[in-house]
Every structure is written in C-alpha cells, then in structure tokens.
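In: here's a sequence, model it:
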Amino acid sequence: MRTNGFDSYTQLQDHLADLDDVLTPTEQESRDASRDRNYENLVRQIAWLRKEVADMRTEISAVKQDTPPADRTWSQVATTVVITFIVSEMASRLRLGLAGAVAAPIVAAKIEKQIW
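Out: Coordinates of the predicted model:
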C-alpha cells in the first residue's frame, strides 16, 4: 500500500478511518431514497387511517339516528313486548286467525299508550 503524503502509518490509519465514517454519495442517496419511500408509505397509511375514522364516524352517526328516543326506558320497552305477547297469545287461543294476528299489535299499542 502506498503511503505518500502521510508522515506515519498512524496518520494513514486515521485518515482511512475518517473515510470509512463518511458515506459515499451512492450510499447517502440510497438512504435518502429509502427514507423518502418510508415517509411516503407513512403518509399513505395516515391518509387511509383518516378515511377509515371518517367512515366509522359516519356509521356511528347513522346508528345513533336509528336508536329509539332516549326518553323510552328499558322498562317501557319490556312492558310493550310483554303486552304484545299477551295479546297475541289471547288472539291465538281464541282462534281469531289472520284477523287476530293483524289486530294483536294494534291492540297492544293502544293498551301501551294508555299505560304510559
């Protein structure tokens, strides 16, 4: 190995060590390109996540609109179910047929309105 320009072997070793620490332009460019790709992937993932969150918010607002009014308690709902069941059973036992099956929910609704 030629050591021209260096006073000692130690200076040469120090200089070579410094050169090893510095990245060559191609290595630096490849790291920058890799970093840019990672950044673009992250930006794409964030955009996808934002879209998913917006879709979920839309679904939640649709579900909230479909829920029964807040002033109806579970006891009122349970009472309505029980009244409908009892009236339907009565219509079935009295063998009222199709007319009884149609009338049962209507009668149950009238009874429920009188109670609440």
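In: longest helix of this structure?
Out: Across the chain, the helix with the greatest residue count (assigned by DSSP state H) is helix 25-66.
In: now the element after that one, going C-ward?
Out: Tracing the chain past helix 25-66, the next element assigned as helix or strand by DSSP states H and E is helix 74-93.
In: can you list the buried residues in the very next helix or strand once past that next one?
Out: For helix 74-93, the succeeding helix or strand toward the C-terminus, using DSSP H and E, is helix 97-115. Buried residues in helix 97-115, counting neighbours by 16 or more other C-beta atoms under 10 Å, are found at 100, 104, 107-108, 111-112. (Glycine included, C-beta is placed from N, CA and C.)
In: over to stretch 42-55?
Out: When burial is assessed from 16+ other C-beta under 10 Å, stretch 42-55 yields no buried residues.
In: that stretch: how far from the chain's middle?
Out: The chain centroid and the centroid of stretch 42-55 are separated by 10 Å, computed with C-alpha atoms, centre = their mean, to the nearest Å.
In: may I have it exported as PDB, CA atoms only?
Out: The C-alpha coordinates for stretch 42-55 follow below in PDB (Å, rounded to 0.1, in the frame of the first residue of the first chain):
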ATOM      1  CA  LEU A  42     -46.400   6.600   6.300                       C
ATOM      2  CA  VAL A  43     -48.300   9.500   4.600                       C
ATOM      3  CA  ARG A  44     -50.300   7.000   2.600                       C
ATOM      4  CA  GLN A  45     -51.100   5.000   5.800                       C
ATOM      5  CA  ILE A  46     -52.100   8.100   7.700                       C
ATOM      6  CA  ALA A  47     -54.500   9.100   4.900                       C
ATOM      7  CA  TRP A  48     -56.000   5.600   4.800                       C
ATOM      8  CA  LEU A  49     -56.500   5.700   8.600                       C
ATOM      9  CA  ARG A  50     -58.100   9.200   8.400                       C
ATOM     10  CA  LYS A  51     -60.500   7.900   5.800                       C
ATOM     11  CA  GLU A  52     -61.300   4.900   8.000                       C
ATOM     12  CA  VAL A  53     -62.000   7.100  11.000                       C
ATOM     13  CA  ALA A  54     -64.300   9.300   8.900                       C
ATOM     14  CA  ASP A  55     -66.200   6.200   7.700                       C
END
